[in-house]
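Peer 1: curious how this folds, go ahead:
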Amino acid sequence: MQDLRTKPKFSSHLWIIYLISIILVCFIWYYHWILGSAMTVLLAASFYYSLRKERTLQNETEEYISTLSHRIKRVGEEALLEMPIGIILFDEEYFIEWANPYMNRFAEEDTLVGTSLNSLSDDLPARIKESKGELWLQLDGYKFQTTVKKEERLLYFFDRTTQSEIQTLYHNEQTVLSIIFLDNYEEITQNMDDTLKSQLNSKVTSVLNNWSNDYGIYLKRTSQDRFIAVSTKKILEQLEKSKFDILDEVRELNAEQNIPVTLSIGIGVGNVSLPVLGELAQSSLDLALGRGGDQVAIKDESGKVRFYGGRTNPMEKRTRVRARVISHALKELVKESDNVIIMGHKAPDMDSLGSAIGILNIAKTNGVEGYIVFDPDDVDTGVHRLVKALKEEDDIWQYFIDPEESEAVITSRSLVVVVDTHKPSMVSNERLLSKTEYKVVIDHHRRAEEFIDNPTLVYMEPYASSTAELVTELLEYQSDNLKLRMLEATALLAGIIVDTKSFTLRTGSRTFDAASYLRSKGADTVLVQQFMKEDLDVYVKRSKLIERAKIYRDSIAISKGDHGVAYDGVLIAQAADTLLTMSGINASFVISERSDGRVGISARSLGEVNVQVIMEQMNGGGHLTNAATQIEDTTIDDAESLLKDIIQEYFEGGDAE
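Peer 2: Reported below is the predicted structural model:
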């Protein structure tokens, strides 16, 4: 094509040369007519030869272009009809007007012409309308990347079957690393003789080996209570479909004293290097253990976490070693800080407020200023009597500051202590968390995916009845000169009593030990009952909620509040507690509108139903027997429908996610 562009330029140059030659010949004629005559003859001969050559070249060029045009047209026709790319033209009614032979292979008869696009796929016309230029289509086992030209009503089909198979193979064969941990192995075996311990090890190893062989997993025991497992993403998908039934199999291995053995599994998955995969697996295991064990946590490279299991109450630890270590570590952090700022969750309850008061006492005992962040406009009715009593004690109330004041007293060396929650979004003032590097988390809830970044010290024990119980144990290991006021001890005891429903739920031996310690420090049980009293109109509202309850799946009570009426969070929690005391009820859910426009759900159970995992699927959380959530942009009826779907999936799945 470059020759065709340069030939006309060469001819123009030739004419210029001839023009100059004629002018020169004229000059020669003027001075020497004989030489001029000879030059004229030569010029004429040269001109004649150039014209013939130019004409011949032009004819050859025209013939070349004609031949090339014919070939291009022929190649275009062959490409249209024979290339392995599907082409379809359709009309305004989505009927096929023309299809190349490649696409006619998918016709039920000889041709697709005249048939609707629905013959290829029922929803193809609708997908074309919604398409932004490309869609994927499955035809007779082939996978096509389809380019849509809406204005031309034209479709191009590119076979991506092999590419899709390679991608699927790559996805399925990605390495998955798992760390398996026997939660309570040390507690179960510490009083066993060697024979019983060997039998237990043999049983556990046998069950895990059979499980790994069934799924094609490489399993290696690295210590008495820890295993490493290597598998693939395809195997992981199979395990998720089975809801990790290995948890149930191991749980059924009853050891001495009928204490069930339980597993926790941390899994790392994603397109990352093996060291990072190992970190994901360890992080997942820490998360599973932080939630009480007997469950699986799966974390991918994006940080998203999925949970399975968690159906049993965590077993109470028999040693106080950790409480003593945490207490001493907290003491050192307090002494090294400029001041201590204590935060509970928004709308604090008895447990949150009592725990904060206990930590304040630790700060004062160690000679460091302490403050409790408290928003007077964000108080549940359940604690207003305690708050009123605190206001009468100047030595305590003077350390309560509102969220704005807290930002004025915090320094880079302040110690922020978060109690009764571990979610940044739930603390009284989230901005404080970014103003210091020293943060302590003390909580009894099972760990959720959302967690405070880079805490200096974490004391989370899901086995505990309440955060007040944990704080009480920390107080026991502080200095001998610790002086706990009667009101402080009473506030801590109130937190324990409220969270255990007067020592009936989630109560272990250490719960009574903590209560006994507080009683010895002057805690007034009569005053606790005064704090827990309720108004008559609240009692009537709660009774109406209970009256509206309906039974679902034979043993689950679900109650809904009136439309357009905002209910207090404490009230619906109390209604759920009361429903649980009814005969034949294993779990209760109370749904109502809240003053902030969201819909709240309070969930309770006796342990057979894990309400925590049900609430987690509705962006909430809590304990196995005590959980809640708040949902935005929904109605009570829609929330009830979603709740029933999740409960149905929970029971039909055979395990909790």
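Peer 1: where in this structure is pLDDT low?
Peer 2: Using pLDDT under 70 as the threshold, the predicted model of the chain has low-confidence ranges 1-15, 18, 64, 66-82, 254-260, 310-320, 381-382, 653-657.
Peer 1: outline the domain layout of it.
Peer 2: Listed by automatic domain parsing, the domain ranges of the chain are 2-81, 85-164, 176-309, 321-532, 536-653.
Peer 1: strands of the stretch 251-400 of the chain, start to end?
Peer 2: Counting by DSSP state E, counting those that start in this stretch, the stretch 251-400 of the chain has strands at residues 263-269, 295-299, 305-309, 340-343, 370-373, 400-401.
Peer 1: partner strands of the first one and their direction?
Peer 2: Partner strands for strand 263-269, per DSSP bridges, with pairing direction: strand 175-182 (antiparallel), strand 295-299 (parallel).
Peer 1: buried residues, the longest one. List them.
Peer 2: When you say that, I think you mean strand 175-182. 176-182 (16 or more other Cβ atoms under 10 Å). The C-beta positions use only the backbone N, C-alpha and C, and glycine is treated the same way.
Peer 1: what do you get for stretch 530-549?
Peer 2: When neighbours are counted by 16+ other Cβ under 10 Å, the buried residues of stretch 530-549 are found to be 531-532, 538, 541-542, 545-546, 549.
Peer 1: put the alpha carbons of stretch 232-243 into CSV.
Peer 2: Listed in CSV are the C-alpha atoms of stretch 232-243, where the atom choice follows Å, rounded to 0.1, in the frame of the first residue of the first chain:
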residue,chain,number,x,y,z
THR,A,232,-7.8,-26.9,48.2
LYS,A,233,-10.6,-24.4,47.6
LYS,A,234,-12.8,-27.1,46.0
ILE,A,235,-12.5,-29.2,49.2
LEU,A,236,-13.3,-26.2,51.3
GLU,A,237,-16.5,-25.6,49.4
GLN,A,238,-17.4,-29.3,50.1
LEU,A,239,-16.7,-28.8,53.8
GLU,A,240,-18.8,-25.7,53.9
LYS,A,241,-21.7,-27.6,52.3
SER,A,242,-21.4,-30.2,55.0
LYS,A,243,-21.5,-27.3,57.6
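Peer 1: ok, and what's touching it?
Peer 2: Around stretch 232-243, the neighbours that count as contacts under Cβ atoms under 8 Å, 6 or more residues apart in numbering are 171-176, 215-217, 231, 267, 269, 298, 306, 308-309, 653-655, 657.
Peer 1: was I right about residue 103 contacting residue 115?
Peer 2: No - between residue 103 and residue 115 there is no contact under Cβ atoms under 8 Å: 11.1 Å.
Peer 1: between those two, which one's more packed in?
Peer 2: Neighbours were counted for residue 103 and for residue 115 using other Cβ atoms under 10 Å; residue 103 has more, 21 against 16.
Peer 1: residue 430 versus residue 456, what's the distance?
Peer 2: According to Cβ to Cβ, to the nearest Å, residue 456 stands 17 Å off from residue 430.
Peer 1: contacts only, for residue 402.
Peer 2: Under the criterion of Cβ under 8 Å, 6+ apart, the neighbours of residue 402 are 373-376.
Peer 1: who wins on neighbours among the residues you listed?
Peer 2: Each of the contacts of residue 402 was scored by neighbours using other Cβ under 10 Å; the highest score is residue 373's, at 26 neighbours.
Peer 1: who does that residue form a beta bridge with?
Peer 2: For residue 373, the beta-bridge assignment (DSSP bridges) gives partners residue 401.
Peer 1: quick one, strands of the stretch 51-200 of the chain?
Peer 2: Taking DSSP E, counting those that start in this stretch as the test, the strands found in the stretch 51-200 of the chain are 85-90, 96-99, 134-139, 142-149, 154-159, 175-182.
Peer 1: now do the stretch 401-550 of the chain
Peer 2: When secondary structure is read from DSSP E, counting those that start in this stretch, the stretch 401-550 of the chain shows strands at 415-419, 438-443, 457-460, 550-552.
Peer 1: CA atoms of the helix or strand following the last one as CSV?
Peer 2: Think strand 550-552. Helices and strands here follow DSSP states H and E; after strand 550-552, the next one along the chain is strand 556-560. In CSV, the C-alpha atoms belonging to strand 556-560 read as follows (Å, rounded to 0.1, in the frame of the first residue of the first chain):
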residue,chain,number,x,y,z
ILE,A,556,-39.7,-20.6,69.1
ALA,A,557,-41.7,-17.6,70.3
ILE,A,558,-41.7,-14.5,68.0
SER,A,559,-43.4,-11.3,69.1
LYS,A,560,-43.8,-8.0,67.2
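Peer 1: show me what the very next helix or strand once past strand 556-560 packs onto, helices and strands only.
Peer 2: Counting by DSSP H and E, the next helix or strand C-terminal to strand 556-560 is helix 569-580. Helices and strands in packing contact with helix 569-580 are listed as helix 536-547, strand 556-560, strand 587-593, strand 599-605; criterion 3 or more Cβ pairs under 8 Å, 6 or more residues apart in numbering; DSSP states H and E.
Peer 1: where's the spatially most central residue of the chain relative to residue 604, distance?
Peer 2: In the chain, the C-alpha nearest the mean C-alpha coordinate belongs to residue 304, at 3.5 Å (Cα atoms, centre = their mean). Applying Cβ to Cβ, one obtains 29 Å for the distance of residue 304 from residue 604.
Peer 1: can you tell me which of the strands of the stretch 401-550 of the chain is most buried?
Peer 2: Most buried of those, by mean neighbour count (mean count of other Cβ atoms under 10 Å): strand 415-419, with a mean of 29.
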